[in-house]
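Q: My questions concern the predicted model and sequence given below.
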Amino acid sequence: MSRSLRFHVFRHNPRDAASAPSMQTYTLEETPGMTLFIALTRIREEHDPGLNFDFVCRAGVCGSCAMVINGRPGLACRTLTTALPDDVTLLPLPGFELIGDLSVHTGKWMHGLAQRLQTWVHTAGETDLDRIEAAMDPDLADAIYELDRCIECGCCIAACGTAQTRPDFMGAAGMNKVARFRLDPRDVRDDADWYEVVGDDSGVFGCMTLLGCQDVCPKQLSLQTQLAWLRRAMARQGVRG
Ligand code: SF4
Ligand code: F3S
Ligand code: FES
């Protein structure tokens, strides 16, 4: 027997001076295989064409549909309504600029992070061919690929108490990227270089090991391992001065 689901959805347009934050409730009959993405699309088609939310891939790959689902950050396209109670509260991810309703500007935040960490392989130039073209050990390539699976959804930032109180904190997504480039043998940056970039409270030492990031990451990245590894490496670097 199908259920009647009540979706309590955050509504606000920050560019409209007359708009005040509020919650709006929509009721839908649950259908087999219904995801939150499908539910939101139906709400937009059947009830409210003005509802803002983001999606691209509908397959857990682009990271754009992240939102707070009954108090927990997650991907709308990967959340089946069968996993939820009859009442579902949907809020935009905190810690990011609000575009409208459930849509936030994670892309702007992630772009700032990429600029800060310079998330590309730094080489010593074209003369460093031995390093650039050296065959990579398959296990190492796998380990780098594992860290590259981050889809920049922002769930780890929304779930992190430090990120919510320190706008300059790079969060688990940032530390995961540092770990990724630190692991890459083609990248010439060493621990002393990374210490300059992340060896303070806006970086590695701002993490209070709250581990909300690890709990909510939809790609199940081992963020706890990266955090511990980086903290030890940066602490050693700090002691050396
Ligand atoms: Fe999303 Fe996980 Fe990447 Fe954080 S680390 S942005 S939760 S995929
Ligand atoms: Fe935040 Fe994760 Fe550290 S939730 S405090 S980045 S362990
Ligand atoms: Fe791409 Fe959900 S729409 S991850």
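A: Structure's in. What do you need? Residues are numbered from 1 along each chain as shown. Ligands and ions are numbered 1, 2, ... in the order given.

Q: Can you show me the CA trace of the helix-or-strand element of the chain with minimal mean pLDDT as CSV?
A: Taking mean pLDDT, DSSP states H and E as the measure, the chain has helix 129-133 as its least confident helix or strand, at a mean of 79. As requested, C-alpha coordinates have been extracted for helix 129-133 and formatted as CSV (Å, rounded to 0.1, in the frame of the first residue of the first chain):
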residue,chain,number,x,y,z
LEU,A,129,60.4,14.4,-17.6
ASP,A,130,61.8,11.5,-15.6
ARG,A,131,59.5,12.3,-12.8
ILE,A,132,56.5,13.3,-14.9
GLU,A,133,56.6,10.2,-17.2
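
Q: Quick one: mean pLDDT over the helix or strand following it.
A: Remark: after helix 129-133, the chain's next helix or strand is helix 138-147, criterion DSSP states H and E. Mean pLDDT, taken over the full extent of helix 138-147, equals 96.

Q: Can you mark which positions in helix 138-147 are buried?
A: Using 16 or more other CB atoms under 10 Å as the test for burial, helix 138-147 gives Ile144, Leu147. Where you see a C-beta, it was placed from the backbone N, CA and C, and this is true even at glycine.

Q: Now do the contacts for the residue most central in space within the chain.
A: For the chain, the residue whose C-alpha lies nearest the mean C-alpha position (CA atoms, centre = their mean) is Gly154; its distance is 2.2 Å. If you count contacts by CB atoms under 8 Å, 6 or more residues apart in numbering, Gly154 has them with Gly63, Ala66, Pro73, Leu93, Gly95, Phe96, Val104, Thr106, Trp109, Met110, Ala173.

Q: so which of those comes closest to ligand 1?
A: Checking these against ligand 1 with CB to the nearest ligand atom, the nearest one is Ala173 at 3.9 Å.

Q: Excluding residues flanking it in the chain, which one is nearest the closest one?
A: Nearest-residue entry for Ala173: Cys156, 5.4 Å, with adjacent residues in sequence omitted and distances by CB to CB, 6 or more residues apart in numbering.

Q: which among the contacts of Gly154 are in contact with ligand 3?
A: Intersecting the contacts of Gly154 with the contacts of ligand 3 gives Gly63 (criterion: CB under 6 Å from any ligand atom).

Q: What separation do you get for the residue nearest to Ala173 and ligand 3?
A: 14 Å (CB to the nearest ligand atom, to the nearest Å).

Q: With Tyr26 instead?
A: Using CB to the nearest ligand atom, which is the criterion applied here, Tyr26 is 20 Å from ligand 3.

Q: Could you measure from that residue over to Ala192?
A: From Tyr26 over to Ala192 the distance is 54 Å, taken as CB to CB, to the nearest Å.

Q: These two: which has the busier surroundings?
A: Between Tyr26 and Ala192, counted using other CB atoms under 10 Å, the more crowded position is Tyr26 (19 against 11).
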